[in-house]
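Q: let's see this in three dimensions:
(2 chains)
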2 protein chains.
Amino acid sequence: MELLESAAAMQQWATAQRAGGQRIGFVPTMGFLHPGHASLMALLRPQVDRLVVSVYVNPLQFGPGEDLDRYPRDPEGDAALCRDQGVDALFRPPDLYPDGFSTSVSVHGLTEVLCGATRPGHFEGVATVCARLFGLTQCQLAAFGDKDFQQLAVLRRMVRDLALPLEIVGAPLVRDADGVALSSRNKYLSESERGRARSLHRALFGMQQRAAAGERDVAALLAHGRSLLDADRVDYLQIVGAEDLQPLTGLDPAVPARALGAAFYGATRLIDNVAL
Amino acid sequence: MELLESAAAMQQWATAQRAGGQRIGFVPTMGFLHPGHASLMALLRPQVDRLVVSVYVNPLQFGPGEDLDRYPRDPEGDAALCRDQGVDALFRPPDLYPDGFSTSVSVHGLTEVLCGATRPGHFEGVATVCARLFGLTQCQLAAFGDKDFQQLAVLRRMVRDLALPLEIVGAPLVRDADGVALSSRNKYLSESERGRARSLHRALFGMQQRAAAGERDVAALLAHGRSLLDADRVDYLQIVGAEDLQPLTGLDPAVPARALGAAFYGATRLIDNVAL
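A: Predicted coordinates:
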């Protein structure tokens, strides 16, 4: 596995691979890798000639007071996991942006709702870093987890709108044995917070079961979810159209819907979602 | 020469060319082509295997009250000029953006000055359409004229910042016999407006001569330029750093400088610029 520690090195490597006709797959991450990330690598590995993983904690997608400075890091563990997954190149630059960096990419409509409502600028940071990473890696395939469902929708839209020559692949959310969605931020949780954090997926699965049993009224579904959710603070619990992320008032079998939640356990903000 | 009349057709063509190892050059235009455009095609032709020209009047880069609805068009003339220049594919879609298009690309700092100050949103429209066109054409080389000097700076910055896998080539401004910079908008000028429009390049060349003769004081240079400029309204006449487009107070032989002007003759806004 090659270690690429600058944007220039990444670009050179990618250009050489593409000139040789290699098909490049890419998994962008912020490191502290877990089996959710590994599942993205395993998904792409058989579909590409060269697999690249990036580890970069992107300041652009953190707001003031968020956890940029204490975001967990594990360079050795990350490299070992990548090696195990047959990754060809690990891109981990100390800095990603050139001097005088001044370009931003915005995706309107999809980014003002859900996480975007309480994390202004977050998705602009995500879209911008991904546009740059897609450019640097010249990937034809990039994988993202369903866990960050809104992020996936935003990036699909960006790739379509800017006609970027790559395909975005979504991958199923990976859960721990207790049902909690895998996240690097789970590391922040105390034991008692971790216990209560289970209520997030329980609320979502509770809503999913009621919907499967025929409940179509969104207010009733949300009330049920709220009753199951034991958090220090609920950022949101919503049911939206899976494509446009706009709130629904009722379920319609013809319109794919998604239930999403974000909640705080202590100072830690977790997100989760399920298809309805 | 192939005519490609949809984004999907463009994308397919480009994908096939790239799969065959062809190097693609691209000249984006808004049509009503003139020898300035032809010079861009001639510049790229020997450097690429396949040459693509787009003709699309991009609504995103026009403000309210600007000339979107009356922008001159000449589909037959455009096609003939492209054929003469050995263009392989002419991309002229009736619509360029997909339903629900919601992505925008901004380049900060370079876009608030000069033309950006009086045309808010213009450069966001330019950056966004070019990002999409670069994606659709998968070009490795794209040519733009020095006439739109600020546009060239903005696009170079976007390509660098997003690490788009292509090179931007700038080409010298082309002038008519009377010195007026070639522009599709010159068609709007009455005979007397055209006569006075010569004062724009005269003002700029006058400043260039004074600078060459040793004048370093920007205020003095601008006063000289203003004295030569006979326009119905001057939008701006400025001397800026050629890289960052920020106003200078004095010339420094170590810092490339550019004099730029925008002025109205009747209802027609013309721009021009020279190196100092």
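
Q: ok, then the element right after the helix or strand hosting A:Gly225?
A: When secondary structure is defined by DSSP states H and E, A:Gly225 falls within helix A:218-228. Moving toward the C-terminus from helix A:218-228, the next helix or strand (DSSP H and E) is strand A:233-241.

Q: what sits up against that next one?
A: When contacts are taken as CB atoms under 8 Å, 6 or more residues apart in numbering or on different chains, the neighbours of strand A:233-241 outside the stretch itself are A:113-115, A:117-118, A:203, A:207, A:218, A:221-222, A:225-226, A:229, A:246-248, A:251, A:255-264, A:269, A:276. To be clear about C-beta, it is placed using only N, CA and C from the backbone, and glycine gets the same treatment.

Q: between helix A:218-228 and it, find me the angle.
A: On the basis of axes from the mean of the first three to the mean of the last three CA atoms, to 10 degrees, strand A:233-241 is oriented at 150 degrees to helix A:218-228.

Q: how about strand A:233-241: buried residues?
A: For strand A:233-241, burial by neighbour count (16 or more other CB atoms under 10 Å in any protein chain shown) applies to A:234-235, A:237-240.

Q: what do you get for stretch A:87-106?
A: Within stretch A:87-106, the residues that count as buried by 16+ other CB under 10 Å are A:87-93, A:96-97, A:101-106.

Q: ditto for stretch A:156-176
A: With burial defined by 16+ other CB under 10 Å, the residues of stretch A:156-176 counted as buried are A:156-166, A:168-171, A:173-174, A:176.

Q: cool, stretch A:198-216 as well?
A: By neighbour count, with 16+ other CB under 10 Å as the criterion, the buried positions of stretch A:198-216 are A:199-208, A:210-211, A:215-216.

Q: what's the farthest-apart pair in those residues?
A: A:Ser199 and A:Arg216 (24.1 Å; CB to CB).

Q: could you redo the buried residues of stretch A:198-216 as JSON lines and give each row secondary structure and distance to A:Ala181?
A: Shown next, in JSON lines, are these (DSSP: H, G, I helix; E, B strand; the rest coil; distance: CB to CB, whole Å):
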{"residue": "A:Ser199", "secondary structure": "helix", "distance to A:Ala181": "13"}
{"residue": "A:Leu200", "secondary structure": "helix", "distance to A:Ala181": "8"}
{"residue": "A:His201", "secondary structure": "helix", "distance to A:Ala181": "7"}
{"residue": "A:Arg202", "secondary structure": "helix", "distance to A:Ala181": "12"}
{"residue": "A:Ala203", "secondary structure": "helix", "distance to A:Ala181": "13"}
{"residue": "A:Leu204", "secondary structure": "helix", "distance to A:Ala181": "10"}
{"residue": "A:Phe205", "secondary structure": "helix", "distance to A:Ala181": "12"}
{"residue": "A:Gly206", "secondary structure": "helix", "distance to A:Ala181": "15"}
{"residue": "A:Met207", "secondary structure": "helix", "distance to A:Ala181": "15"}
{"residue": "A:Gln208", "secondary structure": "helix", "distance to A:Ala181": "14"}
{"residue": "A:Arg210", "secondary structure": "helix", "distance to A:Ala181": "20"}
{"residue": "A:Ala211", "secondary structure": "helix", "distance to A:Ala181": "19"}
{"residue": "A:Glu215", "secondary structure": "coil", "distance to A:Ala181": "24"}
{"residue": "A:Arg216", "secondary structure": "coil", "distance to A:Ala181": "26"}
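
Q: of the residues you listed, closest to B:Ala143?
A: Using CB to CB, A:Leu204 is the member of the buried residues of stretch A:198-216 that lies nearest B:Ala143, at 52.1 Å.

Q: run a quick neighbour tally on the closest residue to the closest one other than its chain neighbours.
A: Among residues not flanking A:Leu204 along the chain, A:Val274 sits closest, at 4.5 Å (CB to CB, 6 or more residues apart in numbering or on different chains). Burial of A:Val274, expressed as a neighbour count using other CB atoms under 10 Å in any protein chain shown, amounts to 21.

Q: now the helix or strand harbouring A:Val274 - C-alpha only, PDB.
A: When elements are defined using DSSP H and E, A:Val274 is found to belong to strand A:268-275. The C-alpha atoms that make up strand A:268-275 are tabulated as PDB, following Å, rounded to 0.1, in the frame of the first residue of the first chain:
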ATOM      1  CA  THR A 268     -22.100  13.900  21.700                       C
ATOM      2  CA  ARG A 269     -24.400  14.300  18.700                       C
ATOM      3  CA  LEU A 270     -25.300  11.100  17.000                       C
ATOM      4  CA  ILE A 271     -27.300  10.500  13.800                       C
ATOM      5  CA  ASP A 272     -29.200   7.500  12.400                       C
ATOM      6  CA  ASN A 273     -31.800   6.700   9.800                       C
ATOM      7  CA  VAL A 274     -34.000   3.900   8.400                       C
ATOM      8  CA  ALA A 275     -36.000   3.400   5.200                       C
END
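
Q: export stretch A:75-89 to PDB, keeping only CA atoms.
A: Backbone C-alpha positions of stretch A:75-89 (Å, rounded to 0.1, in the frame of the first residue of the first chain) are rendered in PDB as follows:
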ATOM      1  CA  PRO A  75      -3.200   6.800  12.100                       C
ATOM      2  CA  GLU A  76      -1.700   3.300  12.800                       C
ATOM      3  CA  GLY A  77      -5.100   1.600  13.200                       C
ATOM      4  CA  ASP A  78      -6.300   3.300  10.000                       C
ATOM      5  CA  ALA A  79      -3.300   2.100   8.000                       C
ATOM      6  CA  ALA A  80      -3.700  -1.400   9.300                       C
ATOM      7  CA  LEU A  81      -7.400  -1.500   8.400                       C
ATOM      8  CA  CYS A  82      -6.700  -0.200   4.900                       C
ATOM      9  CA  ARG A  83      -4.000  -2.800   4.400                       C
ATOM     10  CA  ASP A  84      -6.400  -5.500   5.500                       C
ATOM     11  CA  GLN A  85      -8.900  -4.300   2.900                       C
ATOM     12  CA  GLY A  86      -6.500  -4.400   0.100                       C
ATOM     13  CA  VAL A  87      -6.300  -0.700  -0.300                       C
ATOM     14  CA  ASP A  88      -3.700   0.400  -2.900                       C
ATOM     15  CA  ALA A  89      -3.100   4.000  -1.800                       C
END
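
Q: phi and psi next, for the closest residue to A:Ser190 other than its chain neighbours.
A: Sequence neighbours aside, A:Gly266 is the residue nearest to A:Ser190 in space, at 6.4 Å (criterion: CB to CB, 6+ apart). Per-residue torsions, A:Gly266: phi 60, psi -130 (degrees, to the nearest 10).

Q: my understanding was that A:Val57 contacts A:Asp67; is that so?
A: No - using CB atoms under 8 Å, A:Val57 is not in contact with A:Asp67, being 9.7 Å away.

Q: am I right that A:Gln17 falls within a helix?
A: Yes - counting by DSSP: H, G, I helix; E, B strand; the rest coil, A:Gln17 is found in a helix.

Q: what's the neighbour count on it?
A: By other CB under 10 Å, 20 other residues sit near A:Gln17.

Q: hang on, it packs against A:Leu51?
A: No - when contacts are counted by CB under 8 Å, A:Gln17 is not listed as touching A:Leu51 (10.7 Å).

Q: mutual contacts of those two, please.
A: When contacts are counted by CB under 8 Å, 6+ apart, A:Gln17 and A:Leu51 have A:Ile24 as shared neighbours.

Q: if we can go back for a sec, so which bits of the helix holding A:Gly225 are buried?
A: Residues A:218, A:221-222, A:224-225, A:228 are the ones in helix A:218-228 that count as buried (16+ other CB under 10 Å).

Q: end-to-end on stretch A:96-107?
A: This stretch, stretch A:96-107, spans 21 Å end to end (CA to CA, to the nearest Å).

Q: how many other residues sit next to A:Leu4?
A: Residues near A:Leu4, counting by other CB under 10 Å, number 21.
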